[in-house]
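Novice: coords please:
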Amino acid sequence: MLDPARGSFASRHEFAGFRRRFLITVLGAATAWTAVMVAASTMGWLSVGPLQTYNNIAFFCLTLGLLIMVWRWPGTTGPAAIAFCTGGLCLIGAALFLVPEDPLRMLLFFPGIGVIFLLLGARAAWAATAVAIVAFCTAVAGGYIATTATGVSTFIISLFFTGLFFHAFRIQSVRALETVAAQNKALDEAARRDPLTSLPNLRAFRNAVEAETTAPNGGAPLAIAFVDVDFFKAINDRYGHAEGDAVLIAVAGALRRALRAGDTVARIGGEEFAVLLPATDIATAMVVAERLRAAVQATAVTIAGEITSVTVSVGVAPSRPPHATADAVLRAADLAMYAAKAQGRNRVIPAPAAA
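Specialist: Residues are numbered from 1 along each chain as shown. Purely as a prediction, here's the structure:
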């Protein structure tokens, strides 16, 4: 049996969402059905004894309350599912003994077992199947249901095969949800990753900055380093884009290797990279940025068969609480990077406000 509880977080999340939506649908249908049953028995259109009428009223209140609870508080889906399935099983079991006027009331076990399979899993559903068979056989033995031995065996076999079908359906449903979750995760990862360098892209970098500024320690300063490869257009124009791509891959590797634990480097476009330095003041950020610049310069790069090196210009901008947006800090670091270009390239310059 495939258990979503042992799957990935994404598949568990997908299954939890499916279970909540399914439970809301079932609760809505059960509430409407019991409302009709209560109204029909109250007005005398349905011949049901007073005890079963009270059971229907109690079940109506239960399903309506659970529907409101699950709708407003998604975290209550599990307990609500247990309460609903338990209440439904008791209601159907009671009907076997209290509503002799309905010779087909035992058929309510079939959808009930299916709901339990989908909401609570195989163990609970097979246990409920055993309870249903025992209750049915007890009602037959007590004379509450008039049927033959063939009818008893037909009910038991049909209920057993219904359980098998729902068991198989649940397995396939979980597998389908796991496949969808894996595909969604892969698509999300691709949407956040630069395909050339395998670094995070601008979207992922913005998210990283936002996560850092909204974290419990969001009161800490941070800095962003804007890194631009020097003379990259000349490399592309002279040697072609394939050689330019090789340079970008080498620069990305150098930056990644020179990072501290907890820092994030991303390719944000063209020959431009950005580095997030959490919990870092401007003085420390300048030291880290210089290390990044030196690491790139020290990296051997093969261009047109010749081993050489490239350099980068780096601008550094700090952010203190209350933090500016990621784009605002990036713009400040970008301006500082252009100042580094203007002063001769291959250097680190702080943003004017931090100078």
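
Novice: got the CA positions of stretch 219-232 in CSV?
Specialist: Extracted C-alpha coordinates of stretch 219-232, given in CSV (Å, rounded to 0.1, in the frame of the first residue of the first chain):
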residue,chain,number,x,y,z
GLY,A,219,16.2,42.8,12.2
ALA,A,220,19.7,41.9,11.2
PRO,A,221,21.5,43.9,8.5
LEU,A,222,22.4,42.4,5.1
ALA,A,223,24.2,43.3,2.0
ILE,A,224,24.0,42.6,-1.7
ALA,A,225,27.0,42.5,-4.0
PHE,A,226,26.4,43.2,-7.7
VAL,A,227,29.1,41.4,-9.8
ASP,A,228,29.6,42.2,-13.5
VAL,A,229,32.2,40.5,-15.8
ASP,A,230,34.7,43.0,-17.2
PHE,A,231,34.9,43.3,-21.0
PHE,A,232,32.4,40.5,-21.5
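
Novice: centre of the chain versus it, how much separation?
Specialist: Centroid displacement of stretch 219-232 relative to its chain, using Cα atoms, centre = their mean, to the nearest Å, is 31 Å.

Novice: Repeat that for stretch 301-318.
Specialist: On Cα atoms, centre = their mean, the centre of stretch 301-318 falls 39 Å from the chain's centre.

Novice: how far does it stretch from start to finish?
Specialist: Using Cα to Cα, to the nearest Å, the end-to-end distance of stretch 301-318 comes to 31 Å.

Novice: Rounded mean pLDDT for that stretch, please.
Specialist: For stretch 301-318, mean pLDDT rounds to 92.

Novice: Quick one: residues in contact with stretch 281-292.
Specialist: Residues from elsewhere that reach stretch 281-292 (Cβ atoms under 8 Å, 6 or more residues apart in numbering): 221, 223, 225, 227, 254-255, 258-260, 263, 275, 277, 280, 312, 314, 316, 318, 348, 350, 354. No exception for glycine: its C-beta is placed from N, CA and C like everyone else's.

Novice: swap in stretch 133-144?
Specialist: 93, 96-97, 100, 106, 109, 145, 147, 152, 155-156, 159.

Novice: Distance of the residue lying closest to Ala128 once chain neighbours are set aside relative to Ala168?
Specialist: Excluding its sequence neighbours, the residue lying closest to Ala128 (Cβ to Cβ, 6 or more residues apart in numbering) is Ile116, at 4.9 Å. Distance, Ile116 to Ala168, using Cβ to Cβ, to the nearest Å: 15 Å.

Novice: Between those two, point out the one with more neighbours.
Specialist: Between Ile116 and Ala168, counted using other Cβ atoms under 10 Å, Ile116 has the larger neighbour count: 28 against 11.

Novice: which regions of the stretch 1-150 of the chain lie under the pLDDT threshold?
Specialist: 1-15 (pLDDT under 70).

Novice: at 80 instead, please
Specialist: When residues are selected by pLDDT under 80, those of the stretch 1-150 of the chain lie in 1-17, 44-49.

Novice: what about the strands in the stretch 151-300 of the chain?
Specialist: Secondary structure of the stretch 151-300 of the chain, counting by DSSP state E, counting those that start in this stretch: strands at 222-229, 264-269, 272-278.

Novice: thinking again about what came up before, ok, of the contacts of stretch 281-292, which come out buried?
Specialist: With burial judged by 16 or more other Cβ atoms under 10 Å, the buried subset of the contacts of stretch 281-292 is 221, 223, 225, 227, 254-255, 258-259, 263, 275, 277, 280, 312, 314, 316, 318, 348, 350, 354.

Novice: Okay, and which of those map to helices?
Specialist: Of these, the ones assigned to helices by DSSP state H are 254-255, 258.
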